[in-house]
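**Q** Have a look at this prediction, sequence included:
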Amino acid sequence: MELSYTQDEIAFRDEVRAWLAKRLSKRLVNKVRKAQRLTKADYKEWHALLVERGWMAWHWPVEHGGTGWTPVQKHIFEEEMIAAGAPRIIPFGVNMLGPVLIEFGSQAQKDYYLPRILNDEDWWAQGYSEPGAGSDLASLKTSAVRDGGDYVVNGQKTWTTLAHFANRIFCLVRTGPDAPKPQQGISFLLMEMDTPGIEVRPIYTLEGEHEVNEVFFSDVRVPVENLVGEENQGWTIAKYLLNYERTGIAGVGFSKQSLGALRKIAQTEQKDGRPLADDPHFAARIARLEIDLLAMEIFNLRVVAAAGEGKLPGAESSLLKIKGTQVRQEATDLMRRAVGPYAAPDLPEAFDEGWNGQAPGPDYALPLARGYFNMRKTSIYGGSNEIQRNIVAKHLLGF
Amino acid sequence: MDFNLSDERRMLQETARRMIRETYPIEKRHDFARSEKGFSADIWRDFAELGLVGALLPAQAGGYGGTGEDIALVFEEVGRGLVVEPFLATAILGAWPLCEAGGAEAGDAGTLEAVIEGRHLLALAHGEPGSRYSLAQVKTQATESGGIWRISGVKSVVLNGDTADDLIVSARIAGAAEAQDGLALFRVDPKDEGVARRSYALIDGGAAADITLGEAIGTPIGAPGEAYPVIERTIARAALAAAAQALGAMEAAKDLTLDFLKTRTQFGKPIGANQVLQHRMVDMLIEIEQLRSCVMLAASTLEAGRETRERNVSAAKHLAGRVGRQVAEEVIQMHGGVGMTWELAAPHYAKRIVMIDHLFGDTDHHLERFIHFSKGAA
Ligand SMILES: Cc1cc2nc3c(=O)[nH]c(=O)nc-3n(C[C@H](O)[C@H](O)[C@H](O)COP(=O)(O)OP(=O)(O)OC[C@H]3O[C@@H](n4cnc5c(N)ncnc54)[C@H](O)[C@@H]3O)c2cc1C
């Protein structure tokens, strides 16, 4: 057993670290650190760096423009990006659709869409959830009816993250309304957002931010060439994607970053004239988080290593998703606590770039309550933590 | 032992509940909360006319209540309705130091009358940058010369500090920065040229201000140097009020969630048919009943001696923080995606419940106080 990185892995880490330090602009890092709103242009700027370096599709197979990195290298890369203060890579095209097209797409689809993802020419949105179909995704109703060379799509998607930035959307639609099981009547369809009949409306989150949307479809005509895989094969594709989506699901890098920030805050904040970090009660809270994170990092690496040996993660990815979101949420809870009364002031304008006003309390306090509330989403999306437990329980118990 | 409310209190409760329910739909609440003041002055006057402000103050101040029970009862309704009007700032934090001083000082009796009628707003400027939840840590200084007191220092996150007609300001006239001795309370006119206010919204609705005092003129409330016990009792009342408010908010949020569990269907059945959600709902219920019990205990001993009062208030506020996190997080989680939206009321309750832990001492602070005040009780 050897729980540390090899020489090669360390060299790789240093290479990534040096590249990030050199190429990532101070402006972007500053925005990320201050939790400011990232614009489409900000994401594009970051993606462009990755494209230039050939690291945009870092987890794709080499023959499609990927890097051929080992799972441990991927893990290192993910951690370094977060540690450097990079924005997240918008996952819908490169993490989700890319692998689907590689596995299920027609040659024409691969030839057209994969390079566009590699070069960051398209911004994809994920159109799965509907008002009536969340956890029970297979009950989705948005219909696609064949009419000559087109499908005619009608219905509604919801919670569509950053659809207001997207020029394309991949959707699960119902093509076989009479299938014996709802899962058997679903297809995977690609659409352009500016097709007549598509309308995007914002949903404001509990902190008042615009991150998710409703997307309405009325008589939207989509060429049949935009069907991925076979008609009514959509559920199989979605399930394949779910497995893919779950690498890196634990968010170890994110939690490490939060822990570091938390430590700094606790050093700065005062309690009874001493640093909060010296308060035994608060120190114990931080230590408990740190132990959970330490354990989870190794747990994650064990799963990563097994994947390197070709074992597809099964129940483990659900376990990691649950624990990962708990740890992330706990970290934001402690940060909010750490700043005491100064968690309460809310200055929405402070999250715009170029704001150079004065925070009521310390600068770092401003985004903490928002961060705590926003992070509640992680146990809801991507298959809620209840649904993850159901999956594991079924695995264990068989019923 | 009698756990029933007197007829008068039951009437008060019903009045408050009805008025808040009828005048306070969530959309209107958002309008009030997002307005410049952070609340509605009209609604505040309506509340006062119904007697809800007077109910929080004792007879010697012209009120008709002011016991722990009255405070718990009104604030539970304030919490249930997600009310943003300045009940805490004006009727508890601002008015009680004036009451305790006897209301006899020049002008104070008139002030309290105006407060009870909803015509005059107050705020307590006590917390300072870095003082966190400590009650005695005051760096703001007051000095007297020729019979005039002048106050200098910085006060932070003063609830409704931007709209108060009078500020009640704590300052030190002697002693080290953490000493209980040497504290004084002053009444300061916010229009004084030595007062600068910077206001902002709060994440759970409402408003607060940071206040900088530079040689601002103040009138002493009570004997300068001996204000600590008044501050402690005032914050105890406020902590009880906050715990009761959290309780009311949890009750409302729990009811909304119960409705949701019954009406939202997934996999062909209401999500509430899943045993895991049922059990977690029951766990929430257990903890809310625990909190209700603790709030009742703290309310009933608010006028008791220091140790008992502080110990029980800290128990209630500690629990409000601990249970509050559980309830707020469950409310969001059980709602799924819609639990993350601005549009629903439930997430706003969750925000209020969580942020109450940042008022008058969080769950850790009150755990320590509980331990401290339990030493004599053993
Ligand atoms: C910020 C955010 C971004 C999102 N982005 C996207 C996106 O880009 N694209 C997209 O398609 N979707 C997206 N989603 C949607 C997300 O996947 C759904 O919210 C999620 O699947 C849950 O569905 P729901 O919201 O309808 O909740 P529901 O399914 O109604 O669930 C409500 C509650 O009931 C629980 N529950 C449901 N069934 C069971 C059961 N059988 N046993 C136990 N508990 C159960 C759930 O766990 C939850 O706690 C996003 C959601 C959020 C919050």
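**A** Arrived safely. As the structure is a computational prediction, the values presented were derived from the model and not from experiment.
**Q** Kindly list the main-chain dihedrals of A:Trp55?
**A** Main-chain torsions, A:Trp55, degrees, to the nearest 10: phi -110, psi 10.
**Q** Skipping adjacent residues, who's closest to it in space?
**A** Nearest residue to A:Trp55, sequence neighbours excluded (CB to CB, 6 or more residues apart in numbering or on different chains): A:Thr67, at 6.4 Å. For the C-beta atoms, the positions are set from N, CA and C on the backbone; glycine is no exception.
**Q** Just the pLDDT for the one you found.
**A** Per-residue pLDDT puts A:Thr67 at 92.
**Q** That one against A:Gly54, yeah?
**A** Yes: A:Thr67 is in contact with A:Gly54 according to CB atoms under 8 Å; the separation is 7.2 Å.
**Q** So these two - more neighbours on which side?
**A** Per other CB atoms under 10 Å in any protein chain shown, whichever of A:Thr67 and A:Gly54 has more neighbours is A:Thr67, with 18 against 12.
**Q** Contact partners for the more buried one?
**A** Residues in contact with A:Thr67 (CB atoms under 8 Å, 6 or more residues apart in numbering or on different chains) are A:54-55, A:57-60, A:73.
**Q** helix/strand/coil for residue 180?
**A** Since no chain was named, I'll use chain A. Under DSSP: H, G, I helix; E, B strand; the rest coil, A:Pro180 falls in the coil class.
**Q** quick one: it and chain B, what's the gap?
**A** 15 Å (CB to the nearest CB, to the nearest Å).
**Q** any idea how chain B splits into domains?
**A** Following the assignment in automatic domain parsing, chain B carries domains at B:7-116, B:122-225, B:230-377.
**Q** Could you confirm whether any residue of the first one contacts chain A?
**A** No: among the residues of domain B:7-116, none lie within reach of chain A under CB under 8 Å from any CB of the partner chain; the closest is 9.5 Å away.
**Q** Okay, now stretch A:60-73: how far is its last residue from its first?
**A** 13 Å (CA to CA, to the nearest Å).
**Q** So which bits of it are buried?
**A** Residues A:60, A:64-67, A:69-73 are the ones in stretch A:60-73 that count as buried (16 or more other CB atoms under 10 Å in any protein chain shown).
**Q** contacts with the ligand among those, please.
**A** The subset of the buried residues of stretch A:60-73 within reach of the ligand, by CB under 6 Å from any ligand atom, is empty.
**Q** so which of the residues you listed would you say is closest to the ligand?
**A** Relative to the ligand, the closest of those is A:Trp60; by CB to the nearest ligand atom it sits at 20.8 Å.
**Q** Is that closest one in a helix, a strand, or coil?
**A** Here A:Trp60 takes the coil state, with states given by three-state DSSP.
**Q** about what we covered before: may I see the domains of chain B arranged in CSV, with mean neighbour count as well?
**A** Formatted as CSV, these follow (neighbours: other CB atoms under 10 Å in any protein chain shown):
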stretch, mean neighbour count
domain B:7-116, 20
domain B:122-225, 21
domain B:230-377, 21
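**Q** now these as CSV including distance to A:Ile102 and mean pLDDT?
**A** Compiled in CSV, the domains of chain B are given as follows (distance: least, CB to CB, whole Å; pLDDT from 0 to 100):
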stretch, distance to A:Ile102, mean pLDDT
domain B:7-116, 47, 90
domain B:122-225, 43, 96
domain B:230-377, 29, 97
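**Q** closest one to the ligand among these?
**A** Nearest to the ligand among the domains of chain B is domain B:230-377 (2.3 Å), distances taken as CB to the nearest ligand atom.
**Q** near the ligand, which residues of the stretch 101-250 of chain A show up?
**A** A:126-129, A:134-135, A:159-161, A:212.
**Q** Mind putting those into a markdown table with secondary structure, neighbour count and distance to B:Gln180?
**A** Output for these, formatted as a markdown table (DSSP: H, G, I helix; E, B strand; the rest coil; neighbours: other CB atoms under 10 Å in any protein chain shown; distance: CB to CB, whole Å):
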| residue | secondary structure | neighbour count | distance to B:Gln180 |
| --- | --- | --- | --- |
| A:Gln126 | strand | 23 | 58 |
| A:Gly127 | strand | 27 | 62 |
| A:Tyr128 | coil | 20 | 60 |
| A:Ser129 | coil | 22 | 56 |
| A:Gly134 | coil | 23 | 54 |
| A:Ser135 | coil | 19 | 55 |
| A:Trp159 | coil | 26 | 53 |
| A:Thr160 | coil | 23 | 57 |
| A:Thr161 | coil | 18 | 52 |
| A:Val212 | strand | 22 | 50 |
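**Q** Output these as CSV; include the columns pLDDT.
**A** Below are those laid out as CSV (pLDDT from 0 to 100):
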residue, pLDDT
A:Gln126, 96
A:Gly127, 97
A:Tyr128, 97
A:Ser129, 97
A:Gly134, 97
A:Ser135, 97
A:Trp159, 97
A:Thr160, 98
A:Thr161, 97
A:Val212, 97
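**Q** Counting neighbours, what do you get for A:Trp46?
**A** 23.
**Q** Is there proximity between the top helix by length along chain B and chain A?
**A** Identified as the longest helix of chain B according to DSSP state H is helix B:228-263. No: judged by CB under 8 Å from any CB, helix B:228-263 stays clear of chain A, getting no closer than 12.2 Å.
**Q** is it true that A:Met81 lies in a helix?
**A** Yes: with three-state DSSP as the criterion, A:Met81 is part of a helix.
**Q** Spit out the contact partners of the closest residue to the ligand within the stretch 1-150 of chain A.
**A** Residue of the stretch 1-150 of chain A nearest the ligand, by CB to the nearest ligand atom: A:Gly134 (1.7 Å). For A:Gly134, the contact set (CB under 8 Å, 6+ apart) comprises A:159, B:266, B:336-337.
**Q** ok, residues contacting stretch A:352-369?
**A** By CB under 8 Å, 6+ apart, the list of residues contacting stretch A:352-369 reads A:27, A:31, A:34-37, A:39, A:261, A:264-265, A:268-269, A:332, A:335-336, A:338-339, A:341-347, A:349-351, B:129, B:156-157, B:198, B:200, B:203, B:210, B:354-355.
**Q** hmm, I was thinking of stretch A:35-52
**A** Under CB under 8 Å, 6+ apart, the answer for stretch A:35-52 is A:23-25, A:28, A:30-32, A:56, A:58, A:86-87, A:89-90, A:118-120, A:123, A:165, A:209, A:351-353, A:355, A:366-367, A:370-371.
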